[in-house]
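**Student:** Sequence and predicted model, in that order:
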Amino acid sequence: MSATQAQLKNHFLNLGNQGALYVWGANGQIITKELMNMLYKTFGSNTYNRAYYDNKLKAGKGKPGADCSGAICPVSKYDTTAAGYYNRCKQKGTISTLPKNQICLVFKTNSKGVINHVGCYTGDGYVSEMASSQTNYQRKALAGNGWDLWGMPDFISNPETVQGAVATSGTTYNKIEGLIDTVAEVQIWLNQTFNAGLVVDNCYGPKTKAALVKALQITLNDLYNAGLEEDGIFGPKTKAACKVVDFGDKGMLVKILQALLICHGYYSAYLDGDFGSKTANAVYSCQGRVNIAQDKQAGPITFEKLCA
């Protein structure tokens, strides 16, 4: 399902008009006791503890609740992270190249250059965002507030072409080595390693998903003689053949896991086949988002969720 730029803008303005609260893990739903209980069960931690969700219920019952990326979900109709939205943008660039009359998404990065926050630039010099648990919804000037990147998301229909943007569709990409943190780079890797024949468009669509599933099937057959049909369809036999990969593991199965995590926006680091702390944390985030046990291990259920 697609939306217009105006619909994206109006959605964010309405969040402000309705007094939306920042709630970790929420995707724009109305705040209720049942929702807070579900979010605590799914995302509860030392930071987002029982008191956190109880306080959000007390302050915002009957109002919309969302975290920064969850605020976009009612428009995009899919759930991903800030980095996931950036990866799926069809036009993108540094904030200095943003045309000031465009309605689009804008992003912040941390000290290591990893995207960790997203808001909506409304085409008039201002950004609407679910800013933090302390400040909730905010609408502030774009300039001087730490925005680093912008992108035109894939769910926007017929956006205006932006001069100065990196147009991901139809772009010629060269061989890459080392840091791989975009869907385009995963597509290149699949083409180079598994002869996938993908068009490098930086969009995680059905063909890229099928290529990753096929790569998983090929690897399971090579390593474990799994006897799988290499058809790119994640069915019961592929699920049953999946092995648990865990901290300290190395090899092609870990690389495929990392590639899946990149495509879903959970991982931005080296596609090195080394299951270290960054991969473990990405798996943990993914498991929390899809409401399965957060054990930082990738087994049949985690692979199934990533390949769904």
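**Tutor:** Noted; the coordinates are in hand. Note that this is a predicted model, so its numbers are computed, not measured. Residues are numbered from 1 along each chain as shown.
**Student:** Spatially nearest residue to I292 (excluding sequence neighbours)?
**Tutor:** Nearest non-adjacent residue to I292, counting by C-beta to C-beta, 6 or more residues apart in numbering: I301, 5.6 Å away. Quick note: C-beta positions are derived from backbone N, CA and C, even for glycine.
**Student:** That neighbour: which element?
**Tutor:** Using DSSP states H and E, I301 sits in helix 300-307.
**Student:** And the average pLDDT for that helix is what?
**Tutor:** Averaged over helix 300-307, pLDDT sits at 96.
**Student:** Report the buried residues of that helix.
**Tutor:** For helix 300-307, burial by neighbour count (16 or more other C-beta atoms under 10 Å) applies to T302, F303, E304, K305, L306, C307.
**Student:** Show me what the helix or strand hosting S128 pairs with in its sheet, parallel or antiparallel.
**Tutor:** Using DSSP H and E, S128 maps to strand 126-132. Strand pairing for strand 126-132, using DSSP bridges, gives strand 115-122 (antiparallel), strand 136-141 (antiparallel).
**Student:** export these to a markdown table and tack on distance to L261 and mean pLDDT?
**Tutor:** Conversion of those to a markdown table gives the following (distance: least, C-beta to C-beta, whole Å; pLDDT from 0 to 100):
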| stretch | distance to L261 | mean pLDDT |
| --- | --- | --- |
| strand 115-122 | 14 | 94 |
| strand 136-141 | 29 | 96 |
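**Student:** does I218 sit in a helix, a strand or a coil?
**Tutor:** helix (DSSP: H, G, I helix; E, B strand; the rest coil).
**Student:** and the closest residue to it other than its chain neighbours, what pLDDT?
**Tutor:** Take I218 and drop its neighbours on the chain: the residue closest to it by C-beta to C-beta, 6+ apart is E230, 5.5 Å away. On pLDDT, E230 comes in at 94.
**Student:** what does G164 give?
**Tutor:** Note for G164: predicted pLDDT of 44.
**Student:** Kindly report the same for A167.
**Tutor:** Reported pLDDT for A167: 42.
**Student:** which residues in the stretch 201-308 of the chain form helices?
**Tutor:** With DSSP state H, counting those that start in this stretch as the criterion, the stretch 201-308 of the chain has helices at 206-224, 236-241, 252-263, 277-289, 300-307.
**Student:** tell me the domain boundaries of the protein?
**Tutor:** What automatic domain parsing lists as the domains of the chain is 5-166, 179-307.
**Student:** which regions of the chain lie under the pLDDT threshold?
**Tutor:** By pLDDT under 70, the low-scoring segments of the chain are 1, 159-181, 269.
**Student:** which stretches of it form strands?
**Tutor:** 21-22, 27-30, 64-66, 91-94, 103-109, 115-122, 126-132, 136-141, 149-152, 166-167, 179-180, 269-270 (DSSP state E).
**Student:** count of residues packed around the residue nearest to I218?
**Tutor:** Neighbour count of E230, defined by other C-beta atoms under 10 Å: 16.
**Student:** Kindly report the same for T219.
**Tutor:** 20.
**Student:** so who does it touch?
**Tutor:** M252, L253, I256 (C-beta atoms under 8 Å, 6 or more residues apart in numbering).
**Student:** wait, what's in contact with the residue lying closest to Q287 once chain neighbours are set aside?
**Tutor:** Spatial nearest neighbour of Q287, chain neighbours left out: Q294 (4.4 Å); criterion: C-beta to C-beta, 6+ apart. Residues near Q294 by C-beta under 8 Å, 6+ apart: Y284, Q287, G288.
**Student:** Pick out whichever of those sits closest to T32.
**Tutor:** Comparing the contacts of Q294 against T32 with C-beta to C-beta picks out G288 as the nearest, at 20.2 Å.
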